[in-house]
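Chemist: okay, sequence plus prediction incoming.
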Amino acid sequence: MIDIKFLRENPDIVKQNIKNKFQDQKLPLVDDVIVLDAQARATQKEADDLRSNRNKVSKQIGALMAQGKRDEAMALKEQVAKDAARLEELEEQERVLQEQIRPIMMTIPNIIDPSVPIGKDDSENVEVERFGDPVVPDFEIPYHTEIMERFHGIDLDAARRVAGNGFYYLQGDIARLHSAMTAYARDFMIDRGFTYCIPPFMIRSSVVDGVMSFDEMDAMMYKIEGEDLYLIGTSEHSMIGKFIDQMIEEEDLPKTLTSYSPCFRKEKGAHGIEERGVYRIHQFEKQEMIVVCKPEDSMMWFDRLWQNTVDLFRSLDIPVRTLECCSGDLADLKVKSIDVEAWSPRQKKYFEVGSCSNLGDAQARRLRIRVKGKNGKYFAHTLNNTVVAPPRMLIAFLENNLNADGTVNIPTVLQPYMGGKTKIE
């Protein structure tokens, strides 16, 4: 959510930003907010004037009563009563106007960084850099679920009977590999100075409203029936929510946290051959990283965060590339985003395994996460990035470490988490 003062003073910039995100249907919202905001400020000014006058008149009444001028004092009291009734009307008008303004402001997209490429959708995202050499072996690589089934590592049929499509049972060495990856990712981030955290897996609607747009919420979140609780789609939601309504001392920044959680997603619209297996599912586990920092430090942290993911994948000998998300592919709260994609030897292309986002002060403004600095108070900046999401990591790992004889190599860094195994056979 952008600053309403910024919108009021720079409507053309806000409108151009909406055009850059190819959301022209939202252009009228800017003018709507300007009109409502003017009404709200006029209402507030009248109310403030009445409050100020009430204080003055109250003193006058006291003085008149002390002087025995009862009739004059009673006349002023009648005026105070009329003003009180008007003030009550104005306060209600102001409340109604603010209730109209807030949802509109939450719908207008955040101002994107000037470095973001302009494009309509993800087909216009821009490759930034490649790390590691992609290899296509001289033997056929099966679909990832077939690899897992050879090790008796996955049971989709049983999961379908128990929970429906979009779920799985992992077992044996594949399940162990899954846990090894999250444990390795946890320690990897701890070694980089991040504090490990296990957050709540459910959050209230006030936190949901603060961390994501309405469209994202509808497409992703599962609501707990009869309660003001939602299952998290990523631990970023509850991790950023941890700071709701907090005033953070500037010297305590940055807050650098890495979190483990299960994640639950509706995954509306998932389709196609690559959606089979464990690529798009309703429940998975994830290691995340989040940063709460000063505005002037957010771009520095943005670069550090995506580099962490690249370094982790390269430590497992998995080739990756970074992809700059274009304007039309950015969620409304994001200022800038980079996807990390891993190489798929089977598909002979890269696929997304993580996403790093700088949200500026959008989440902090919605959640009222403020910083007390030496020059005053201000809203913090928030960032998040995937360390590793094992379902997709499993795909990348199995394809890139598969041998012609069907065994799977275990990289050196992962071997302590696999009981010293060098291969899955």
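Modeler: Arrived safely.

Chemist: could you list the low-pLDDT ranges of this structure?
Modeler: Low-confidence segments of the chain (pLDDT under 70): 55, 58-64, 66, 73, 77, 268-276.

Chemist: any idea which residue of it is furthest from its center?
Modeler: Here the chain reaches farthest from its C-alpha mean at G68, the gap being 65.8 Å by Cα atoms, centre = their mean.

Chemist: what's the lengthiest helix in the chain packed up against?
Modeler: Secondary structure of the chain per DSSP state H: the longest helix is helix 27-66. Counting contacts by 3 or more Cβ pairs under 8 Å, 6 or more residues apart in numbering; DSSP states H and E, helix 27-66 is packed against helix 4-9, helix 11-20, helix 70-107. Yep, even glycine has a C-beta here, placed from its N, CA and C like the rest.

Chemist: what's F139 in contact with, if anything?
Modeler: A404 (Cβ atoms under 8 Å, 6 or more residues apart in numbering).

Chemist: that one in helix, strand or coil?
Modeler: Following DSSP: H, G, I helix; E, B strand; the rest coil, the label given to F139 is coil.

Chemist: give me phi/psi at it?
Modeler: As for F139, its main-chain torsions (degrees, to the nearest 10) stand at phi -130, psi 160.

Chemist: quick check, A396 in contact with F313.
Modeler: Yes: with contact defined as Cβ atoms under 8 Å, A396 reaches F313; the gap is 7.4 Å.

Chemist: doesn't F167 make contact with I154?
Modeler: No: counting by Cβ under 8 Å, F167 is not a contact partner of I154; they are 11.0 Å apart.

Chemist: neighbour count: the two, which is higher?
Modeler: Neighbour count, other Cβ atoms under 10 Å: between I154 and F167, I154 has more, with 25 against 16.

Chemist: just to revisit the earlier point, mind checking how far the longest helix of the chain is from the chain centre?
Modeler: Remark: helix 27-66 is offset 37 Å from the chain centroid, using Cα atoms, centre = their mean, to the nearest Å.

Chemist: could you do stretch 197-214 as well?
Modeler: Taking Cα atoms, centre = their mean, one finds stretch 197-214 lying 9 Å from the centre of the chain it belongs to.

Chemist: how about that stretch: buried residues?
Modeler: 197, 199-200, 202-204, 207-213 (16 or more other Cβ atoms under 10 Å).

Chemist: nearest to F351 among these?
Modeler: Closest approach to F351 among the buried residues of stretch 197-214 (Cβ to Cβ): M212, at 23.3 Å.

Chemist: doesn't L359 make contact with that closest one?
Modeler: No: if you go by Cβ under 8 Å, M212 and L359 don't touch, sitting 9.9 Å apart.

Chemist: next, the buried residues of stretch 411-425.
Modeler: Of all the residues in stretch 411-425, those buried under the rule 16+ other Cβ under 10 Å are 411, 414, 417-418, 421, 424.

Chemist: kindly report the same for stretch 31-46.
Modeler: Neighbour-count burial for stretch 31-46 [16+ other Cβ under 10 Å]: 33, 36-37, 39-40, 43-44, 46.

Chemist: what does it contact?
Modeler: Contacting residues not belonging to stretch 31-46 are listed as 4, 7-8, 11, 90, 93-94, 97-98, 100-101, 104-105, 108 [Cβ under 8 Å, 6+ apart].

Chemist: which of those has the most neighbours?
Modeler: Going by other Cβ under 10 Å, I108 tops these with 23 neighbours.

Chemist: thought that residue was touching K15?
Modeler: No: using Cβ under 8 Å, I108 is not in contact with K15; the gap is 9.7 Å.

Chemist: now the buried residues of stretch 197-214 as JSON lines including distance to W306 and secondary structure?
Modeler: Below are the buried residues of stretch 197-214 laid out as JSON lines (distance: Cβ to Cβ, whole Å; DSSP: H, G, I helix; E, B strand; the rest coil):
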{"residue": "C197", "distance to W306": "20", "secondary structure": "strand"}
{"residue": "P199", "distance to W306": "22", "secondary structure": "coil"}
{"residue": "P200", "distance to W306": "26", "secondary structure": "coil"}
{"residue": "M202", "distance to W306": "29", "secondary structure": "strand"}
{"residue": "I203", "distance to W306": "25", "secondary structure": "strand"}
{"residue": "R204", "distance to W306": "30", "secondary structure": "coil"}
{"residue": "V207", "distance to W306": "25", "secondary structure": "helix"}
{"residue": "V208", "distance to W306": "25", "secondary structure": "helix"}
{"residue": "D209", "distance to W306": "27", "secondary structure": "helix"}
{"residue": "G210", "distance to W306": "23", "secondary structure": "helix"}
{"residue": "V211", "distance to W306": "20", "secondary structure": "helix"}
{"residue": "M212", "distance to W306": "20", "secondary structure": "coil"}
{"residue": "S213", "distance to W306": "22", "secondary structure": "coil"}
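
Chemist: chain center to stretch 353-368, what's the gap?
Modeler: Its chain's C-alpha centre lies 5 Å from the corresponding centre of stretch 353-368 when counted by Cα atoms, centre = their mean.

Chemist: list the buried residues of that stretch.
Modeler: Of the residues in stretch 353-368, 353-367 count as buried by neighbour count, 16+ other Cβ under 10 Å.
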